[in-house]
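In: let's see this in three dimensions:
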Amino acid sequence: MNNPILSLENVSYFYKDGDARRYILQNVNYGFEKGKFYTILGESGSGKTTLLSQLATLDRPGEGRILYNGQDIRQIGYAKYRRNNISIVFQGYNLIPYMTAAENLMVAMSTTDNAIPKNKRQTALNVLEYVGIGADKANRLVTKLSGGEQQRVAIARAMTTDVDVILADEPTGNLDEGMQGEIVNMFATMAHEFGKCIIAVTHSSAVAKRSDCVVRLQKGELFEDAEFFGTNQQ
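Out: Numbering: from 1, shown residues only. Alright, predicted model coming up:
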């Protein structure tokens, strides 16, 4: 493995039940590389979203540590890490409903310390065009867009901050099969052509088969799934 951009070292997460611990994650070790599209599979309740929350610092491990470029994210600072190093694509989109698609991207660009072109509006329009949202729809309130279009806006928003890691929680869960394929293709392109590390939690084996690497979460442990690993079926 090349040097991972994001890695987990002995990460555990548990709930206390009296004196006992109920582990959701137990001594998880894994490294994610740039230029690859990963999917995380697991049964409902296996801890997939919990794992993603640790990587996003929306929650914190009970034990162990998470490294970004070899540095403990606690040393980077959680707020700085979220602002400059990762973006999150939610299943529910989490767009600002009273803003247009373009305005949603411009707000995201204003929150990062990463180098962003001075003309934020034109940059937003260019990125939206890239994901298939033309100027007319870019200037509409996001609530006036379809679910598939809103997910495209959410992905475009993640792209505009120029982060290395994009985390996605069930990004195709609300979409039909055709739109699922288009979203998955976008993730693959972002990884392969733009060198991003894409990590998507999914319940869909069809989505997993399109990724470069599938890791499975089972009984608190994370391991590469030999059935899918390296298939990258396009």
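In: helix, strand or coil for the residue nearest to the spatial centre of the chain?
Out: Geometric centre of the chain, nearest residue: residue 167, 1.2 Å, by C-alpha atoms, centre = their mean. Classification of residue 167 using DSSP: H, G, I helix; E, B strand; the rest coil returns strand.
In: and it, how close does it get to residue 173?
Out: Here the distance between residue 167 and residue 173 works out to 15 Å (C-beta to C-beta, to the nearest Å). C-beta coordinates here come from the backbone N, C-alpha and C atoms, glycine included.
In: quick one: contacts for the residue nearest to the centre of the chain?
Out: 52, 55, 56, 86, 87, 88, 89, 199, 200 (C-beta atoms under 8 Å, 6 or more residues apart in numbering).
In: what helix or strand is the fifth one on?
Out: Okay, so that is residue 87. Here residue 87 sits within strand 86-89, counting by DSSP states H and E.
In: what about that strand, distance to the chain center?
Out: When distances are taken as C-alpha atoms, centre = their mean, to the nearest Å, strand 86-89 is centred 5 Å away from the chain's centroid.
In: buried ones in the next helix or strand after it?
Out: Tracing the chain C-terminally past strand 86-89 and defining elements by DSSP H and E, one meets helix 101-111 next. For helix 101-111, burial by neighbour count (16 or more other C-beta atoms under 10 Å) applies to 101, 102, 103, 104, 105, 106, 107, 108, 109.
In: got the contact list for the longest helix seen in the chain?
Out: When the chain is parsed with DSSP state H, its longest helix is helix 177-194. Applying C-beta under 8 Å, 6+ apart, the contact partners of helix 177-194 are 35-37, 131-132, 147-148, 151-152, 155, 159, 166, 168, 171-172, 175, 196-198, 200, 204, 206-207, 210-212, 232, 234.
In: that concludes my questions; thank you for your assistance.
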